[in-house]
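>>> Curious how this folds, go ahead:
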Amino acid sequence: IGGEKDLVEIETKLKGYQGNQPVRVGNQAYEHIQNDVYGQVLLSLLPLYYDQRIIFTERYDSGDLIHKTLGLIEKTMEQTDAGLWEFRNLSQHHCYTYLFHWAGSMAAEKIAVVLKDEKMGKLAQKLGKIAKAKIEQCYSASKKGYSQAIGTDRMDASCLQLINMGYLDNNSDRAKEHLKAMEKDLKASNGLFYRYKHQDDFGEPETTFLICAFWYVEALACVGRVDEAVEYFDNLVGYSNHVGLLSEDVNEHDGSMWGNFPQAYSHVGLLNAAHRIAKKLDKPDFR
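Next up, the predicted model:
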């Protein structure tokens, strides 16, 4: 709020909502390494070059930025990070991070074609192959699904994005088995979904995470389980308040709202899930 760069986190003596302590000021997350951001940047640039609805003269010259970002992916490919969920005391080779290394590289490869930049295209292609190999190292044969990180068999809802982002062929047995592995470990009632079940820096998770539930709805639609997707989507909308706003977390037992409120991430998830279902329903042979 004040424009500070150092968001030093301290614990206060405040009682907290319904006695939930500690109450913190600041945010230690500013110290965390989260390498998925590089792929996110490249994906955000792709429409400027690839979407024909954008007039060419309105595109920005981002070639240098793309080269630099690919270089950062290459530099951090072997680096562990805090992952999407900002683990404080757990640094791993996260599947989600490698998914965005892969997706960002694919985006850069497409941009390179438009820019006629052979050097960019070759680097993007190389990094995409390396990232794909890393993702495959996250596959757990015992779970028949992709785990949170290399060297572990813990399931993580962020890996639903392997289906939603097209890494896995949605018609393949691998995608359908992966979704079942996610459901077995992380699905709660009414379509709610846990981020993960293992103990983190704050203990064992007690609430479900709404964006994960909407990712789950998307994944259901992707693999053709559209009726279930619609059912769970309708259930999830019911966890909004009287003016339609959603929280970050939901307690599966009493439906109470927890975490940030209102949470933009949850609303983005709702829109994406609705769009995914609509695209499926628009196809006469969606079943």
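>>> how's this structure carved up into domains?
What automatic domain parsing lists as the domains of the chain is 32-137, 143-282.
>>> any idea which helix is longest in the chain?
Longest helix in the chain, counting residues (DSSP state H): helix 95-115.
>>> for that helix, packing partners?
helix 37-50, helix 63-76, helix 118-136, helix 161-164 (3 or more C-beta pairs under 8 Å, 6 or more residues apart in numbering; DSSP states H and E). Glycine gets a C-beta too; all of them are placed from N, C-alpha and C.
>>> Apart from its neighbours in sequence, what residue is nearest the most centrally placed residue in the chain?
With distances taken as C-alpha atoms, centre = their mean, residue 158 lies nearest the centre of the chain, 4.8 Å away. Spatial nearest neighbour of residue 158, chain neighbours left out: residue 96 (4.1 Å); criterion: C-beta to C-beta, 6 or more residues apart in numbering.
>>> before we move on, the earlier item: of all the residues in the longest helix of the chain, which ones are buried?
95-109, 111-112, 115 (16 or more other C-beta atoms under 10 Å).
>>> just the angle between that helix and helix 37-50, please?
Angle, helix 95-115 to helix 37-50, by axes from the mean of the first three to the mean of the last three C-alpha atoms, to 10 degrees: 30 degrees.
>>> Only alpha carbons, please: show helix 95-115 as CSV.
C-alpha atoms of helix 95-115 as CSV (Å, rounded to 0.1, in the frame of the first residue of the first chain):
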residue,chain,number,x,y,z
CYS,A,95,5.4,-30.0,-11.6
TYR,A,96,3.4,-26.7,-11.9
THR,A,97,6.5,-24.7,-12.5
TYR,A,98,7.7,-27.1,-15.2
LEU,A,99,4.2,-26.9,-16.8
PHE,A,100,4.7,-23.2,-17.2
HIS,A,101,8.2,-23.6,-18.5
TRP,A,102,6.8,-25.9,-21.1
ALA,A,103,3.8,-23.7,-21.9
GLY,A,104,5.8,-20.5,-22.0
SER,A,105,8.4,-22.1,-24.3
MET,A,106,5.5,-23.3,-26.6
ALA,A,107,4.2,-19.7,-26.7
ALA,A,108,7.7,-18.3,-27.5
GLU,A,109,8.1,-20.8,-30.3
LYS,A,110,4.8,-19.6,-31.9
ILE,A,111,5.9,-15.9,-31.5
ALA,A,112,9.3,-16.8,-33.1
VAL,A,113,7.5,-17.9,-36.2
VAL,A,114,5.7,-14.5,-36.5
LEU,A,115,9.0,-12.6,-35.8
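>>> out of everything not next to it in sequence, what's closest to residue 260?
residue 248 (4.3 Å).
>>> circling back to that earlier point, how near is the residue nearest to residue 158 to residue 230?
27 Å (C-beta to C-beta, to the nearest Å).
>>> Same check on residue 94?
31 Å.
>>> Next: residue 224.
13 Å.
>>> between those two, what contacts are shared?
When C-beta atoms under 8 Å, 6 or more residues apart in numbering defines a contact, no residue borders residue 224 and residue 230 alike.
>>> just to revisit the earlier point, more neighbours: which of residue 94 and residue 230?
residue 94 (30 against 18; other C-beta atoms under 10 Å).
>>> nearest residue to that one other than its sequence neighbours?
Residue 94 sits nearest to residue 83 (C-beta to C-beta, 6+ apart), 4.1 Å away.
>>> which outside residues touch the helix or strand bottoming out on mean pLDDT in the chain?
Across the helices and strands of the chain, mean pLDDT, DSSP states H and E gives its lowest value to strand 24-25, namely a mean of 86. Applying C-beta under 8 Å, 6+ apart, the contact partners of strand 24-25 are 9-12.
>>> So which of those residues wins on neighbours?
residue 9 (13 neighbours).
>>> quick one: contacts for that one?
24-28.
>>> With adjacent residues omitted, what lies nearest to residue 262?
The shortest distance from residue 262 to any non-neighbouring residue, by C-beta to C-beta, 6+ apart, is to residue 245 (4.1 Å).
>>> repeat for residue 165
Excluding its sequence neighbours, the residue lying closest to residue 165 (C-beta to C-beta, 6+ apart) is residue 103, at 5.8 Å.
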